[in-house]
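Asker: next comes the sequence, and after it the predicted model I'd like to discuss.
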Amino acid sequence: MVGTALGGLALSGYQMHQGNKQAKQASNRLNNYNRNDLTNAYENDQISTVASDYAAERNDLMSADMVESSRNGGIRGIFGGVPKIQSFNNSANQEGMQYLDNQILDRRQNIAQDNIRIRDIREDRDYQNIAGMGSQLQAGQQNKWAGMMSFANSAADIGKSVDWNGKKTGGSYNERLALASK
């Protein structure tokens, strides 16, 4: 009986040590937790000016053709054509600006949506990682306390098994009851 109790003491001590070690490792991981950096896929997107450059070039050619046609019409053609040419140029410039503005707005919206996605990913990862480390910490602490309880029980068993007064102690409940009645 004493041998079993001594074995229990050793195992209990090992369990306390392992539980304490596990709890310390989890605590260190929690204290040194490093969040992942995620980059926005849209931050470095460039605004394309190819289409607006092509449209401006095309509009310049059309303006030149309109000016030439107006010039061929004489003074009346020039006075009648200039307002139309100016209106055409203004309209073409506004379309080009609108095209670039739409790209800028789309880019900003894509960046904002990706930032939201990145924040959600970070929060989910952090929650899962920290919860896992917290569970490991809790398991380590439970192992340590279970080891302490087992150690105390084993020590108590040893104490019950030792003949402190020269009388036999320990054994089963029935054996102790029989000894007490003598």
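Answerer: Right, received. Where do you want to start?
Asker: lowest-pLDDT helix or strand in this protein?
Answerer: One helix or strand of the chain scores below all others by mean pLDDT, DSSP states H and E: helix 173-181, with a mean of 60.
Asker: helices or strands next to the biggest helix by length in the chain in the packing?
Answerer: Secondary structure of the chain read by DSSP state H shows that its longest helix is helix 74-161. Here helix 74-161 touches helix 2-31, helix 50-72, going by 3 or more Cβ pairs under 8 Å, 6 or more residues apart in numbering; DSSP states H and E. Every residue, glycine included, has its C-beta placed from N, CA and C.
Asker: tell me what the longest one is packed against?
Answerer: Taking 3+ Cβ pairs under 8 Å, 6+ apart as the contact definition, the neighbouring helices and strands of helix 2-31 are helix 74-161.
Asker: quick one, the helix it packs on and helix 50-72 angle?
Answerer: If you take axes from the mean of the first three to the mean of the last three Cα atoms, to 10 degrees, helix 74-161 sits at 170 degrees to helix 50-72.
Asker: how big is the angle separating helix 74-161 from helix 2-31?
Answerer: Going by the same axes, to 10 degrees, helix 74-161 makes 160 degrees with helix 2-31.
Asker: of all the helices and strands packed on helix 74-161, which one comes closest to E95?
Answerer: With distances scored as Cβ to Cβ, the stretch of those nearest to E95 is helix 50-72 (6.8 Å).
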